[in-house]
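> Provide a 3D model corresponding to the input given below.
(2 chains)
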Amino acid sequence: MNNTHTGQNMIGLSLFEPRNDSKEYGQLAFMLIFLIILITPCSSQAAKLPEGLTWLTNNASPEWSSAQAEKGGLVRLNISSFPPTLRTVGPDSNNSFRSFLLDNQLPLVEMHPNSGEIIPVLASHWAYDDDRKTVYYKIKPHARWSDGKPITADDFIFALKFNRSKSIVAPWYNKHYSEEVVDIIKYDPLTIAVIGARAKPQQDLHYYYSIQPRAKHFHQLDKNWVNRYNWKIEPNSGAYQVGKIRKGKSIEFLRKTNWWAQEDRYLRHRFNADQVLVKVVRDPNTAFKYFERGELDIFNLTLPKLWHEKSNSPMFQKGFIHKLSFYNQTEQSASGLFLNLENKKLQDINVRKAIAHGLNFNKIIKQLLRNDYQRLPSFHTGYGDYSNTDIKPLSFDLTKVSELLNKSNWKEKDSRGIRIKGKQRLSFNLSYGNKLHEAQIIVLAEEAKKAGIELKPQYLESTSFYKNVIEKKHDIAWLGWSTGFRPAYWQHFHSDNAHKPQTNNITNFANKEVDGLINQYRLSTDEQERIHLAHTIEKRIADESIFIPSTMVPFTRAGFWRWLKLPESIATKSSKSLFDPFNPTTGGLFWIDAKVKIDSLSAKRSGNGFESSSVINTDYKN
Amino acid sequence: MSHSPTLEFVLGLAMHRQIRSPWQKFKQLKRGYFSLLILAGLIVLSCFAELIFNSKALLVSYQDELYWPIFSDSIEGKQFGLDYEYETNYRQLKKTWQMDSSNHNNFVILPLVPFNPTEVDLLDGLYPPHAPSIENQHYLGTDTIGRDVLVRLVYGFRIAIFFAITLLIVEYLVGVFIGCFMGFLGGAFDLFFQRIIEVWSNIPFLYIVMIMSSLITPGFWSLVLIMALFGWMSMTWYMRSASYKEANRDYVLAAKMMGASNFRIIYKHIIPNSISTIITFIPFSVAGGITALTALDFLSFGLPAPAPSWGELLKQGVDNLDYPWIISSVVISLSFVLMLVTFIGEAIREIFDPKHKVYYE
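Below you'll find the model as predicted:
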């Protein structure tokens, strides 16, 4: 829940702020009036807390860290480029380094990484209003900024002002915190209420209307804010703070020796390394060499080539570097082929289904991805109860392709074996914006020829690819969306967003009946009803074959030097990475065994070895 | 008709003075001459690449009937008694018929390298890139997707060399004429184009290509056009000075007096007399064209995938140094072709070198 993004963005296009899906202007007008009334007279005066609130907390869920964890040591990671700024909002801030900073800004509450229950982080208690829009929080009295000042309600009120301010030059944040979060009210220095714009189920409120405090005493909001705060180290609430910065080379994070939350339930025994050094290594091949030489401690081995081939080198075989693969159950990116219904040929459902049957994903998985990856079943996979697990993707089947195409009169073939109808050829551009996927796309296109369908791969540089797709100029686009907290249908499948540029409905799907279901889904505050609606909508969308799912990676895997230790359970159900250093929910579980490190380094010097280790954990495998 | 003694004397003198034609001179410069032969051979060979490097069979004999798949439309598998309705896999067909002991009359003749440049060959139990192997007929191995490196090199060469030649023709057509007019006409026209060229050549070419290829998907002709837009200037300066010099020669003045049009003077008199300048630059422009396309492909701003391309192979090679056959094949081929072109260029420069000219007394 440290992620406030309600809209979704295309993966691999981190330049763009996520898109906000709120477009309800009537409601907006109402909100503005409401805001004016609310802000003018009373925001400075202390408000009165409503009576009869039920304050909730959670001290009963199991912890997922290990009591054996030792503090101390150094861990070295790599990133591919040095961040252009240390700000977390504003121009150039949406870079891959930002999560290191944001993860050290704790949220009010989190979701338990295994059970999904709400657990306290910055707040000790929370309560829900009957309006289903407002949540009340009690801030932990011992919560401190890294400079020792207490975190209070004023920092939250300032955070709202900050995120709405033009000085930060962040339109997405301005819009989100103006349209989605209506207000934050201070009742006393440690009690606040966050009021959202729309009613939601209780648990969802924490996610959609979450806000992280900003140190009021640190920021001076004026037109020079962007430049002045480029390289300033902002006070944070997490376990680490930025230490030494070597521009262009590395950034060091140091563990706070007396971190305020180090004995708090769910946060204790975590964030153990004294020092986390993030090094810049531009080329992934070079980075791997550094890792093998022991200059990096951890390396992500998700790519099949790394896991199967490159990790057979001596340091792995001699047991200095261990391999670990861990199946998780996280929301999967909706990646695959998006068929644009503005294309006349694609308006025929038989053609769309024929394309789906003409794509040989099994071959890709078997012969390119080494059976590591799995076929993605549907658009929203891994969203817990919200996912419709009855949906199965259409499989490669040339007989079915033939039947479907014949039905729609695509009977003839031209000299190259491609189906034709009159003067039309069954040929489409398949555009993509990431070279990593080229191999898969070329194999798919080769196989589709067998079905008499021509898919012409069209690589566009990522920015122009984004533009091309968001303006709906593609025939078929290959991409994946970043994941959200709950299935998001309105932005992708509602007719409000069809046939107009700059919206996320890139298939231009418009169906009155589905519109109705989506509206119901958005308005409903009853969880069971929402789940049922989500299943129905998902099935309708799958039946339309406008999105053909590609593959998913239901695991995370890494190589690490043997002195890094993990809890017995290794990681959590929702861990996206095994050695995340800072993530408030799943990060900081590892520690460094100083004795093993000394032994290992001396063994390395003397040329000895240990038993090699390659573990695949399937506790959370579906 | 018999020659008068005077004419014979003059002719003989001329023969003596001029010694031999440029072509004969060129033939004597062995390094350049053989480079030209090899390069011409390669170009001709690449024009017939479909006959040597192709996944389609040259000839299939099935049930006493002959088929020429390379020269015909796609032939479905069921035509040859197979159970599918898409284009026949001739390699497999050959294997099946060879294994079948009851089969005596049916046969398949495959090209020397039975792969096409975009075809992905995924071998069971192995993951691309596949190492060079005679058994699999991947003589230079495959790239990271499983496409044959040798085949992609050949087709990539064809594209690169024809790209360079087309680019050269377009650039020279524009550059030579504008340059000649600048030198010949002088005055405002000259001044105007001088400024245009100065401004134009300061526009960073690479950025423009990046912007252009973000707006349109570049193809062969659009790339030629974009590159020619920024490449025609270099020739203008040389031609300007050449025609500036020629413009005041007697024969040009004579032509002028006889009422020849400017275009005719340039086309018929000035260009033929400054041809040596043009020819000397040609090989270096070809080399420049090849490297430019390779560089653009390397940066992914060139021809769209899956077009076979040296730049793309080079990129794959650099990213995958663990599979040395990719990088070594493309680097050796690229250096070899550029070397040939450079040798030809040196030889041409040699024959037009004014130091070797025999002067009239």
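> remind me which residues of the stretch 201-350 of chain B are low pLDDT?
For the stretch 201-350 of chain B, no stretch is flagged by pLDDT under 70.
> which residues of the stretch 201-350 of chain B lie near chain A?
Proximity of the stretch 201-350 of chain B to chain A is confined to B:210, B:213-215, B:217, B:300-301, B:304-306, B:319, B:321-322 under the rule Cβ under 8 Å from any Cβ of the partner chain. Bear in mind the C-beta positions are built from the backbone N, C-alpha and C, glycine included.
> if you set the cut-off to 6 Å instead, what comes out?
B:214, B:217, B:304-306 (Cβ under 6 Å from any Cβ of the partner chain).
> among the residues you listed, which ones are buried?
With burial judged by 16 or more other Cβ atoms under 10 Å in any protein chain shown, the buried subset of these is B:214, B:217, B:304-306.
> which of the residues you listed sits closest to A:Pro189?
Lowest distance from A:Pro189 to these (Cβ to Cβ) belongs to B:Ser214, with 52.1 Å.
> what residue in the stretch 451-600 of chain A comes nearest to chain B?
Residue nearest to chain B within the stretch 451-600 of chain A: A:Ser464 (3.7 Å; Cβ to the nearest Cβ).
> that residue against B:Ser214, yeah?
Yes - assessed by Cβ atoms under 6 Å, A:Ser464 is found in contact with B:Ser214 at 3.7 Å.
> next, name the residue at the spatial heart of the chain.
Reading this off chain A. In chain A, the centroid-proximal residue (Cα atoms, centre = their mean) is A:Thr483; its distance is 5.0 Å.
> that's the other chain; I wanted chain B
Central residue of chain B (Cα atoms, centre = their mean): B:Ile161, at 1.4 Å.
> what about the residue in the stretch 201-350 of chain A positioned nearest to chain B, neighbour count?
Closest to chain B within the stretch 201-350 of chain A is A:Asn285: 6.8 Å, counting by Cβ to the nearest Cβ. Burial of A:Asn285 is recorded as 13 neighbouring residues (other Cβ atoms under 10 Å in any protein chain shown).
> that one should be in a helix, yeah?
Yes - the assignment for A:Asn285 (DSSP: H, G, I helix; E, B strand; the rest coil) places it in a helix.
> which residues touch stretch A:88-103?
A:14, A:79, A:83-85, A:87, A:168-170, A:173, A:226, A:582-583 (Cβ atoms under 6 Å, 6 or more residues apart in numbering or on different chains).
> between those, which sits nearest B:Gly156?
Within the contacts of stretch A:88-103, the smallest distance to B:Gly156 is 33.0 Å, found for A:Ser14 (Cβ to Cβ).
> for stretch A:432-440, which positions count as buried?
A:432-435, A:437-440.
> any idea which helix or strand in chain A has the lowest mean pLDDT?
Lowest mean confidence among the helices and strands of chain A (mean pLDDT, DSSP states H and E): helix A:25-42, at a mean of 45.
> remind me which helix or strand B:Ser214 belongs to.
Taking DSSP states H and E as the criterion, B:Ser214 maps to helix B:205-215.
> how about the residues of chain A by chain B?
So chain A meets chain B at A:367, A:415-417, A:438-439, A:442-443, A:446, A:450, A:457-459, A:461, A:464 (Cβ under 6 Å from any Cβ).
> one more pass at 7 Å, please.
Within chain A, the residues that sit near chain B (Cβ under 7 Å from any Cβ of the partner chain) are A:285, A:367, A:370, A:415-417, A:435, A:438-439, A:442-443, A:446, A:449-450, A:457-461, A:463-464.
> which among the residues you listed count as buried?
A:367, A:417, A:435, A:438-439, A:442-443, A:446, A:449-450, A:457-461, A:464.
> what about the strands in the stretch 251-361 of chain B?
With DSSP state E, counting those that start in this stretch as the criterion, the stretch 251-361 of chain B has no strands.
> mind jotting down where the helices sit in it?
Taking DSSP state H, counting those that start in this stretch as the test, the helices found in the stretch 251-361 of chain B are B:262-264, B:271-273, B:275-298, B:310-319, B:324-351.
> picking up where we left off before, same list, the buried residues of stretch A:432-440, but as JSON lines with pLDDT please.
Formatted as JSON lines, these follow (pLDDT from 0 to 100):
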{"residue": "A:Tyr432", "pLDDT": "91"}
{"residue": "A:Gly433", "pLDDT": "87"}
{"residue": "A:Asn434", "pLDDT": "83"}
{"residue": "A:Lys435", "pLDDT": "80"}
{"residue": "A:His437", "pLDDT": "87"}
{"residue": "A:Glu438", "pLDDT": "85"}
{"residue": "A:Ala439", "pLDDT": "86"}
{"residue": "A:Gln440", "pLDDT": "91"}
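> closest one of the residues you listed to chain B?
A:Ala439 (4.2 Å).
> burial count for the residue in the stretch 51-200 of chain A that chain B sits nearest to?
For the stretch 51-200 of chain A, the residue closest to chain B is A:Ser80, as judged by Cβ to the nearest Cβ, at 13.6 Å. A:Ser80 has 12 neighbouring residues, counting by other Cβ under 10 Å.
> right, and it touches A:Arg282 too?
Yes - applying Cβ atoms under 7 Å as the test, A:Ser80 and A:Arg282 come out as touching, 5.9 Å apart.
> helix, strand, or coil at the closest residue to A:Val276 other than its chain neighbours?
Sequence neighbours aside, A:Phe253 is the residue nearest to A:Val276 in space, at 4.2 Å (criterion: Cβ to Cβ, 6 or more residues apart in numbering or on different chains). Here A:Phe253 is strand, with the state taken from three-state DSSP.
> who's in contact with A:Phe253?
Contacts for A:Phe253 were tallied using Cβ atoms under 7 Å, 6 or more residues apart in numbering or on different chains; they are A:240-243, A:276.
> is it in a bridge, and if so with what?
Note on A:Phe253: beta-bridge partners by DSSP bridges are A:Val242, A:Val276.
> tell me the pLDDT at it?
With respect to pLDDT, A:Phe253 scores 97.
> can you map out the strands along the stretch 401-550 of chain A?
Under DSSP E, counting those that start in this stretch, the stretch 401-550 of chain A gives strands at A:412-413, A:419-421, A:424-425, A:427-432, A:454-459, A:476-481, A:547-549.
> so which of those strands is nearest B:Ile270?
Using Cβ to Cβ, the strands of the stretch 401-550 of chain A put strand A:454-459 closest to B:Ile270, at 45.4 Å.
> and that closest one, what does it pack against?
strand A:427-432, helix A:438-450 (3 or more Cβ pairs under 7 Å, 6 or more residues apart in numbering or on different chains; DSSP states H and E).
> mind doing that once more with 10 Å?
With contacts taken as 3 or more Cβ pairs under 10 Å, 6 or more residues apart in numbering or on different chains; DSSP states H and E, strand A:454-459 sits against strand A:427-432, helix A:438-450, helix A:462-470, strand A:476-481.
> okay, angle between that strand and helix A:462-470 too, please.
130 degrees (axes from the mean of the first three to the mean of the last three Cα atoms, to 10 degrees).
> now the contacts of A:Phe253 in JSON lines, with neighbour count and distance to A:Gly336?
As requested, the contacts of A:Phe253 are exported to JSON lines (neighbours: other Cβ atoms under 10 Å in any protein chain shown; distance: Cβ to Cβ, whole Å):
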{"residue": "A:Tyr240", "neighbour count": "25", "distance to A:Gly336": "37"}
{"residue": "A:Gln241", "neighbour count": "20", "distance to A:Gly336": "41"}
{"residue": "A:Val242", "neighbour count": "20", "distance to A:Gly336": "39"}
{"residue": "A:Gly243", "neighbour count": "14", "distance to A:Gly336": "42"}
{"residue": "A:Val276", "neighbour count": "24", "distance to A:Gly336": "36"}
